[in-house]
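**Q** Kindly generate the corresponding structure for this input.
(one chain, ligands or ions: 2)
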Amino acid sequence: MHSSLLGAIKSKVSEKAWKTWFISFDVLKIEGNKVIFCVANPFIREWLERRYGKTITRVVKEKLGEEATFEIVVSEEESSEEDQPLARKKPVILSPLNPEFTFENFVVGRSNQLAYSASYEISTSPGRFNPFFLFGGVGLGKTHLAQAIARETLKTHPDLRVMYITSEDFMNDMIEGIKNKELFKVREKYRKKVDVLIIDDIQFLMDKPGIQQELFHTFNYLHDAGKQLVFCSDRDPKFLEGFHERLISRFKMGLVVGIEPPDPQTRYEVAKRFAEREGLELPEDYLRYLASMPVDNFRHIRGIILKLVARWKFLGVPPTLDLIEKELAVPKRSDPTEEMLKTICTLFDVSKEELLGRSRKAADARAVTCYALVKNAGFKVTDVARLLGRSKSTISYLINRGEKLLTENPKLAGELRKLEPRVNYAG
Ligand code: ADP
Ligand code: MG
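**A** Numbers count the residues shown, from 1 in each chain. Ligands and ions are numbered 1, 2, ... in the order given. Sure, this is the predicted structure:
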């Protein structure tokens, strides 16, 4: 009966779905007219119930009569692979994947072309670019691509065990392991039971040296075994302050790709795609207007569209340019000066105290700050003098020095220029 139940379900789903989702699916037992199935993890159970619940119900009734029901339980087996009856490997996914985060749903433009192609390549040939380090500002699509890699890899290589987690999940898992005196088990899970390990938001581990050390060993173990590693971060690996040098050098030894803020064309297409997905037809000029604003964060654009949709569906208020304008104006950005100081601190690897204090280490950073505050942000020399507790003539000297540093270092000047859409430069 067990195998005929499985066979009947298999015949009703696509080959791909069977290989992806039913790989660990099995009949645990039949109690009266209730069939108890088991799967490897809660996420897959949820997925099966949601997507295939009706199909399974139909088969169960066909085989055991109209009264028959079923239940799916998660098998808690910690058994090693050797003693599994079937040589079927299980996909391991800790965090549920967002069904919208697919390659098909990802709009490719100049700013993310490389990130997209590299991600796609990784999902088709895991292990080829190893590790893959993806970085970029908030809301630019890192998590979207990371999850698309996970999903696509499972699709094209159903036998591979793919794990997508955030670095916070990784940390919690390790801490749990330490608490329960089962660290070896947790280590083994990451080292022996994963073929593709994707860790999102790695910058979260910045000031957590102990967890970094675990990550370092996990990294070496998997990398030596030719397993694919993927990391996402809100910044370039070289700006991961507080990270062990050796870990940073591991991150840099593979493919490092940044996502830049999107150009207007990409913003336009993303906005259009978001609207279409919500069944909202936005007139061309609305989309153009939305895309013309320097909103370099897709989450914000999505938020605006969802609001327009809600008003339209629930209140019957059609979208207007006025509404879009209002929405775009709402979120007040953080203090632009603060933001600039923060960026300069990151670029020069100094703390804010060092920058605003007297430390020699921060001398160059201070000079660039003075230049940017006065020449770009339109501050008065007197104000900067007060901010830094220096004389006006010192500030004038520093402005010149800052200018010289920036001419000598166009890359640095470029980094500061990137701030422009975010900083409300008065000048
Ligand atoms: P990040 O992880 O970089 O902070 P996310 O991946 O969470 O950003 O992206 C934020 C939102 O924008 C998500 O809804 C995501 O689907 C969407 N998004 C980002 N980039 C794109 C893109 N190129 N095409 C379509 N949607 C995108
Ligand atoms: Mg993210």
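
**Q** Pull up the distance across stretch 289-303, start to finish.
**A** One end of stretch 289-303 sits 16 Å from the other (C-alpha to C-alpha, to the nearest Å).

**Q** what about it and ligand 1, touching?
**A** Yes - interface with ligand 1: stretch 289-303 contributes 298-299, 302 (C-beta under 6 Å from any ligand atom). Quick note: C-beta positions are derived from backbone N, CA and C, even for glycine.

**Q** same check, this time on stretch 143-160
**A** Yes - interface with ligand 1: stretch 143-160 contributes 143-144 (C-beta under 6 Å from any ligand atom).

**Q** in that stretch, what's buried?
**A** Using 16 or more other C-beta atoms under 10 Å as the test for burial, stretch 143-160 gives 143-154, 157-158, 160.

**Q** what about L341, how many neighbours?
**A** L341 has 19 neighbours, counted by other C-beta atoms under 10 Å.

**Q** Out of the buried residues of stretch 143-160, which two are the most distant from each other?
**A** Spatial extent of the buried residues of stretch 143-160 (C-beta to C-beta) is set by the pair T143 and P158 at 23.1 Å.

**Q** Could I get the contacting residues of whichever residue of the stretch 251-400 of the chain sits closest to ligand 1?
**A** In the stretch 251-400 of the chain, no residue comes nearer to ligand 1 than F298, which is 3.1 Å away by C-beta to the nearest ligand atom. Contacts for F298 were tallied using C-beta atoms under 8 Å, 6 or more residues apart in numbering; they are 139-141, 262, 270.

**Q** Which pLDDT value does the model give it?
**A** Per-residue pLDDT puts F298 at 88.

**Q** for E77, same thing?
**A** At E77, the predicted lDDT confidence score is 52.

**Q** can you check the one 3 residues further on too?
**A** S80 is assigned 42 on the pLDDT scale.

**Q** try the one 4 residues further on
**A** For Q84, the pLDDT comes out at 38.

**Q** go on, G402?
**A** Note on G402: pLDDT of 92.

**Q** what secondary structure does it sit in?
**A** Recorded secondary structure, G402: helix (DSSP: H, G, I helix; E, B strand; the rest coil).

**Q** How is this protein divided into domains?
**A** If you go by automatic domain parsing, the domain ranges for the chain are 2-74, 113-259, 264-328, 336-423.

**Q** is the second one up against ligand 2 anywhere?
**A** Yes - residues of domain 113-259 are located near ligand 2 by C-beta under 5 Å from the ion, namely 142-143.

**Q** Begin at 34 from now on, thanks
**A** Sure, I'll start counting at 34 from here, so that last one is domain 146-292.

**Q** State the mean pLDDT of that domain.
**A** Averaged across domain 146-292, the pLDDT comes to 93.

**Q** Apart from its neighbours in sequence, what residue is nearest the residue of the stretch 134-283 of the chain found nearest ligand 2?
**A** As assessed by C-beta to the ion, ligand 2 sits closest to T176 within the stretch 134-283 of the chain, at 3.2 Å. Leaving aside its sequence neighbours, T176 sits nearest to D233 (C-beta to C-beta, 6 or more residues apart in numbering; 5.7 Å).

**Q** My read is that the one you found contacts H177, right?
**A** No - with contact defined as C-beta atoms under 8 Å, D233 does not count as touching H177 (10.5 Å).

**Q** How about the contacts made by the most centrally placed residue in the chain?
**A** Centroid check for the chain by C-alpha atoms, centre = their mean gives T176 as the closest residue, at 2.2 Å. Applying C-beta under 8 Å, 6+ apart to T176 gives the contacts 131, 134, 233-234, 265.
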